[in-house]
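K.L.:
Generate coordinates for the sequence data below:
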Amino acid sequence: MTLGVVILAAGKGTRMRSALPKVLHPLAGRPLLRHVLDAAGAVGATRVCVVYGHGGEQVPRALADADCAWVEQAERLGTGHAVQQALPAMAEVDRVLVLYGDVPLIEAETLNRLIADSSDTALGLLTMTIADPAGYGRIVRDGGGHVLRIVEHKDASDAERAITEVNTGIIVADRARLADWLGRVDNNNVQREYYLTDVIGLAAAEGVDVVTAQPETPEEVAGVNDRIQLAELERCHQRRTAECLMRRGTTIMDPARIDVRGRLDCERDVTLDVNLVCEGEVNIGTGARIGPNCVLKDCDIGAGAEVLAHCIIEGARVAAGARIGPYARLRPGADIGRHCHIGNFVEVKQAHIAEGSKVNHLSYIGDAEIGSGVNVGAGTITCNYDGAYKHLTRIGDGAFIGSNTALVAPVAVGAGATIGAGSVISMDAPAEQLTVSRARQVTIQGWERPRKK
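P.N.:
Numbers count the residues shown, from 1 in each chain. Sure, this is the predicted structure:
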């Protein structure tokens, strides 16, 4: 049977106190709704429809690349009404799974279990048993344990409020039967809304066996209503990510102090120190070590490489055995070769540095090609920008660049060349020669510094 997924994402999110629609608030660097769309894709849905409302076109515009249909709920009259708006988009599927755009941690494994367990009946329901069910709709069962209905907290009697099995809102149902039930739901309740939960009572009254399943953890079905809950789910997600990495052979010094806002792939025996932030696509090779307080974004770190404390690496490649930092910044296009050293307060941008070269202190290397075995002294700058265009600096194998050198591009330094400290090099320097460019040192006898009267 074919499966369609309806994601309800029309809520205003008043308690977020934000102009941004609730489902667009980020968790692990991605909108809440994106996490739910990923879950929908993981259960093999042939059709996905998102019902949006608050924020208008802001939601579909922000997720324009999503493979789904978009339906606006112009009047927000409840969850039952919202699903009704999406049903025309589900015309070609057999079953419909209903998810929520502000419930980001739902696991595909849980959803697949619900779908499988209820495959022989018209309606499946995901429930949860919790110690404090205040605010949740209660699952009312008969003496034989069969689900009779769901009663919302505001409409529940004292006896019903004592029930600890609650509704998560997630259901899977036969599409045609669901359409029929929704057509008969009324808004005779405190909120004057059309509740999706009312279909449970209608189904039970027709003798449908409502099959239930439960998630492994309550975090899976926790919704986001305010920024406090968003922060709580952020930590749940990060803990889950850290545990997955550790099971695969990564050492994480403190799982409570890591933030993965994208995809982090670590080979075996990687060590991650505290306060690491990973964004985009990050790959770390076997045995590499990442020091504390680093930011890695869209980068590759080779096997055995070491990134010391307080480094920022973005859009760069660090080859095996290289040593970066502390306090280094690698910008997009930086390509650091095997066993290179990039040290304190060094910035590298759009530059290839070949094997075994060192840029250890207080230097800027931009738009450059540096050979192997090169030593770049402290305070060296490649002057790559003339105010309109970027220009290339080339340094040959084995060259030695003295401290406080300015290389005015376009310029080339030959293999084995030595540049004297304090030089401004604006013309090519020949291989295997010493090139120095300095003003003559002069001492003015008898000169006195001006003094205030």
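K.L.:
quick one, helices of the stretch 51-200 of the chain?
P.N.:
Along the stretch 51-200 of the chain, the stretches classed as helices by DSSP state H, counting those that start in this stretch are 58-62, 79-86, 108-117, 158-161, 175-183, 198-205.
K.L.:
List the buried residues for stretch 284-303?
P.N.:
Neighbour-count burial for stretch 284-303 flags 284-285, 287-303 (criterion: 16 or more other CB atoms under 10 Å). Yep, even glycine has a C-beta here, placed from its N, CA and C like the rest.
K.L.:
circling back to that earlier point, format the helices of the stretch 51-200 of the chain as JSON lines; extra columns: distance to residue 101.
P.N.:
Shown next, in JSON lines, are the helices of the stretch 51-200 of the chain (distance: least, CB to CB, whole Å):
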{"stretch": "helix 58-62", "distance to residue 101": "8"}
{"stretch": "helix 79-86", "distance to residue 101": "11"}
{"stretch": "helix 108-117", "distance to residue 101": "15"}
{"stretch": "helix 158-161", "distance to residue 101": "28"}
{"stretch": "helix 175-183", "distance to residue 101": "19"}
{"stretch": "helix 198-205", "distance to residue 101": "20"}
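K.L.:
So which of the ones you listed is nearest residue 255?
P.N.:
Smallest distance to residue 255 across the helices of the stretch 51-200 of the chain (CB to CB): 21.5 Å, for helix 108-117.
K.L.:
contact partners of that closest one?
P.N.:
Helix 108-117 has contacts (CB atoms under 8 Å, 6 or more residues apart in numbering) with 3, 39, 42-43, 95, 97, 99, 124-126, 170, 172, 211, 213, 215-216, 220.
K.L.:
chain center to that helix, what's the gap?
P.N.:
Distance, stretch centre to chain centre, for helix 108-117: 25 Å (CA atoms, centre = their mean, to the nearest Å).
K.L.:
export it as CSV, just CAs?
P.N.:
Extracted in CSV, the C-alpha atoms of helix 108-117 (Å, rounded to 0.1, in the frame of the first residue of the first chain):
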residue,chain,number,x,y,z
ALA,A,108,11.7,6.9,11.5
GLU,A,109,12.0,3.6,13.4
THR,A,110,9.1,4.6,15.6
LEU,A,111,7.0,5.6,12.7
ASN,A,112,7.7,2.5,10.8
ARG,A,113,6.7,0.4,13.8
LEU,A,114,3.4,2.3,14.1
ILE,A,115,2.8,1.8,10.4
ALA,A,116,3.6,-1.9,10.5
ASP,A,117,1.6,-2.6,13.7
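K.L.:
which of the residues in it are buried?
P.N.:
110, 111, 113, 114, 115.
K.L.:
how is the chain carved up into domains?
P.N.:
3-221, 227-435 (automatic domain parsing).
K.L.:
which of the ones you listed has the lowest average pLDDT?
P.N.:
Among the domains of the chain, domain 3-221 carries the lowest mean pLDDT, at a mean of 94.
K.L.:
end-to-end on that domain?
P.N.:
Across domain 3-221, the terminal residues are separated by 21 Å (CA to CA, to the nearest Å).
K.L.:
Write a PyMOL command that selects only the buried members of the contacts of helix 108-117.
P.N.:
Here is the PyMOL command that selects only those of the contacts of helix 108-117 that count as buried (16+ other CB under 10 Å):
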select buried, resi 3+39+43+95+97+99+124+125+126+170+172+211+213+215+220
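K.L.:
Please flag which of the contacts of helix 108-117 sit within strands.
P.N.:
3, 95, 97, 99, 124, 125, 126, 170, 172, 211, 213 (DSSP state E).
K.L.:
How much space separates the third one from residue 444?
P.N.:
Spelled out, it's residue 97. Distance of residue 97 to residue 444, computed by CB to CB, to the nearest Å: 86 Å.
K.L.:
just so I know, which of the helices of the stretch 51-200 of the chain lies nearest residue 417?
P.N.:
Across the helices of the stretch 51-200 of the chain, closest to residue 417 is helix 58-62 (CB to CB), at 53.0 Å.
K.L.:
Next, name the residue at the spatial heart of this protein.
P.N.:
What sits nearest the mean C-alpha location of the chain, by CA atoms, centre = their mean, is residue 261, with 2.6 Å.
K.L.:
I'd assumed residue 30 was in contact with it.
P.N.:
Yes - Residue 261 lies in contact with residue 30 (CB atoms under 8 Å); the separation is 7.4 Å.
K.L.:
Pull up the overlap in contacts between the two.
P.N.:
With CB under 8 Å, 6+ apart, residue 261 and residue 30 have no common neighbours.
K.L.:
Relative to the whole chain's centre, how far out is the lengthiest helix in the chain?
P.N.:
Using DSSP state H, we find that the single longest helix of the chain is helix 227-247. Distance of helix 227-247 from its chain centroid, counting by CA atoms, centre = their mean, is 12 Å.
K.L.:
Quick one: list the elements packing against it.
P.N.:
strand 26-27, strand 251-252, strand 258-266 (3 or more CB pairs under 8 Å, 6 or more residues apart in numbering; DSSP states H and E).
K.L.:
Dump the C-alpha coordinates for it into CSV.
P.N.:
The C-alpha trace of helix 227-247 is given here as CSV (Å, rounded to 0.1, in the frame of the first residue of the first chain):
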residue,chain,number,x,y,z
ARG,A,227,12.3,28.9,23.4
ILE,A,228,12.9,27.0,26.6
GLN,A,229,11.5,23.8,25.0
LEU,A,230,13.5,24.5,21.9
ALA,A,231,16.7,24.7,23.9
GLU,A,232,15.8,21.4,25.7
LEU,A,233,15.2,19.6,22.5
GLU,A,234,18.5,21.0,21.1
ARG,A,235,20.4,19.4,23.9
CYS,A,236,18.4,16.1,23.4
HIS,A,237,19.3,16.1,19.8
GLN,A,238,23.0,16.9,20.5
ARG,A,239,23.2,14.2,23.1
ARG,A,240,21.7,11.7,20.7
THR,A,241,24.3,12.8,18.0
ALA,A,242,27.2,12.5,20.5
GLU,A,243,26.1,9.0,21.6
CYS,A,244,26.0,7.9,18.0
LEU,A,245,29.5,9.2,17.4
MET,A,246,30.8,7.6,20.5
ARG,A,247,29.3,4.2,19.6
